[in-house]
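# I would like to see how this sequence folds:
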Amino acid sequence: MKILITGSNGQLGNELSKIISTGTSEIGKISDNLRESEVIALDVERLDITNLKMVRKVLNREKPDVVINCAAATNVDGCETQKDFAFKVNTLGARNLAIVSEEIGAKLVQVSTDYVFSGATRETPFTEFDLTEPYSVYGKTKLEGEKYVRELCSKYFIVRTAWLYGYVGNNFVYTMRRLGEERDRLTVVNDQTGNPTNANDLAYHILKLIETEEYGVYHCTGKGECTWYDFAKKIMELSNINCEVVPCTSEEFKTAAKRPEYSSLDNMMLRCNVSDEMRNWEEAIETFIKNI
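The predicted model follows:
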């Protein structure tokens, strides 16, 4: 199998390449078929997904069996002020990959987000078939990207994840650890609930999916849910950092982009089609912090 990964230098792209090269993830081993796959790992310098001509040229040259799109504009607040950039990457980038994947007969994995939901009056996790209602430019552009993939590609996996952290790049875990070392006290919102997700776990499940023809929309997040405040407290505890974490409301901690109040996802499609082996968020973060 030939697998092309866009945004390959990011958290998820890094984990995908590492798991394929080593043959194992923190959850378990991958198949021999995946282990023997040829990986074409391309970051923006070698493949700008917003450029349809470049996408067509590169994909026709490489002829991958699977395209995994890890490229995205993920700065949620930044997307509010850089709307055109967010639209180009998150929406048109997905469209371009969908068009060309269909032309060459490749499977396409489009990574999406829990922020396609608002969760304003929600108390139970969203399934893949619940109505979407994004608040932010980030959520809206990711949702429009999903729509293009559904319309333009017949062999797709749209994989929504949430609160992602991995061993490379910037994420909430590294930010909290850095701030905790610098300060005696941190204020973190306690009225937004979701699912912290380890990028290694997500990568493992994406690789399971691409060996199937079980196309559709999937949720893939860590099991269990918490608030950002709960998550920050756990990070400090596991890191042995003596920093007080104080809860606050979203109203008190203003951001450019409005976040969902409740965006926990139910991995129903995973359970039904390929089995859900995602770890509980507390187990996954404990392993992550031990490893770093």
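# CA atoms for contacts and neighbours, from now on please.
Will do.
# what residue is smack in the middle of the chain?
Thr161 (4.6 Å; C-alpha atoms, centre = their mean).
# quick one: contacts for that one?
Val111, Ser112, Thr113, Asp114, Thr197, Leu202, His219, Cys220, Thr221 (C-alpha atoms under 8 Å, 6 or more residues apart in numbering).
# now render those as a markdown table, adding pLDDT.
Converted to a markdown table, the contacts of Thr161 look like this (pLDDT from 0 to 100):
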| residue | pLDDT |
| --- | --- |
| Val111 | 98 |
| Ser112 | 98 |
| Thr113 | 98 |
| Asp114 | 98 |
| Thr197 | 98 |
| Leu202 | 98 |
| His219 | 98 |
| Cys220 | 98 |
| Thr221 | 98 |
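# quick check, nearest of these to Asn90?
Of all these, Ser112 has the smallest distance to Asn90: 9.0 Å, by C-alpha to C-alpha.
# leaving out chain neighbours, which residue sits closest to the closest one?
Spatial nearest neighbour of Ser112, chain neighbours left out: Arg160 (4.3 Å); criterion: C-alpha to C-alpha, 6 or more residues apart in numbering.
# same question for Val245.
Here the residue nearest Val245, using C-alpha to C-alpha, 6+ apart, is Leu186, at 4.9 Å.
# so how far is Asp84 from the residue nearest to the centre of the chain?
23 Å (C-alpha to C-alpha, to the nearest Å).
# surely the residue nearest to Ser112 is within a strand?
Yes. Judged by DSSP: H, G, I helix; E, B strand; the rest coil, Arg160 forms part of a strand.
# quick one: contacts for it?
Taking C-alpha under 8 Å, 6+ apart as the test, what Arg160 contacts is Val111, Ser112, Thr113, Asp114, Val217, Tyr218, His219, Cys220, Thr221.
# then the residue nearest to Val245 would be within a strand, right?
Yes. Counting by three-state DSSP, Leu186 is found in a strand.
# which residue ranges of this structure form helices?
11-22, 32-35, 52-62, 76-81, 83-86, 93-104, 137-152, 172-182, 199-210, 228-239, 268-273, 281-291 (DSSP state H).
# just the buried positions in the third one, please.
What that stands for is helix 52-62. In terms of neighbour count (16 or more other C-alpha atoms under 10 Å), helix 52-62 has its buried residues at Leu52, Val55, Arg56, Val58, Leu59.
# cool, the last one as well?
Counting neighbours by 16+ other C-alpha under 10 Å, one finds that the buried residues in helix 281-291 are Trp281, Glu282, Ala284, Ile285, Phe288.
# ok, so of the buried residues of helix 52-62, who is nearest Ala257?
So of the buried residues of helix 52-62, ranked by how close each gets to Ala257 (C-alpha to C-alpha), first place is Leu52, at 29.0 Å.
# wait, the closest one touches Asn96, no?
Yes. Judged on C-alpha atoms under 8 Å, Leu52 makes contact with Asn96 at a distance of 5.4 Å.
# my guess is the residue nearest to Val245 contacts Gly180, does it?
Yes. With contact defined as C-alpha under 8 Å, Leu186 and Gly180 form a contacting pair (7.2 Å).
# the two: which has the busier surroundings?
Gly180 (22 against 17; other C-alpha atoms under 10 Å).
# need the contact list for the nearest residue to that one once chain neighbours are set aside.
Nearest in space to Gly180, with sequence neighbours left out and distances taken as C-alpha to C-alpha, 6+ apart, is Cys243 at 5.4 Å. Neighbouring residues of Cys243 by C-alpha under 8 Å, 6+ apart: Gly180, Glu181, Arg183, Asp184, Arg185, Leu186, Met236.
# look up how far Ser25 lies from the third one.
Spelled out, that is Arg183. 34 Å.
# same question, the fifth one
If you measure Arg185 against Ser25 using C-alpha to C-alpha, the figure is 35 Å.
# ok, these two, which is more surrounded?
Ser25 (18 against 14).
# what does stretch 113-128 contact?
131-136, 138-140, 142-143, 159-162, 217-219, 259-269.
# could you give the separation of it from the chain centroid?
Its chain's C-alpha centre and that of stretch 113-128 lie 15 Å apart, by C-alpha atoms, centre = their mean, to the nearest Å.
# now do the same end-to-end measure for it.
Terminal-residue distance, stretch 113-128 (C-alpha to C-alpha): 11 Å.
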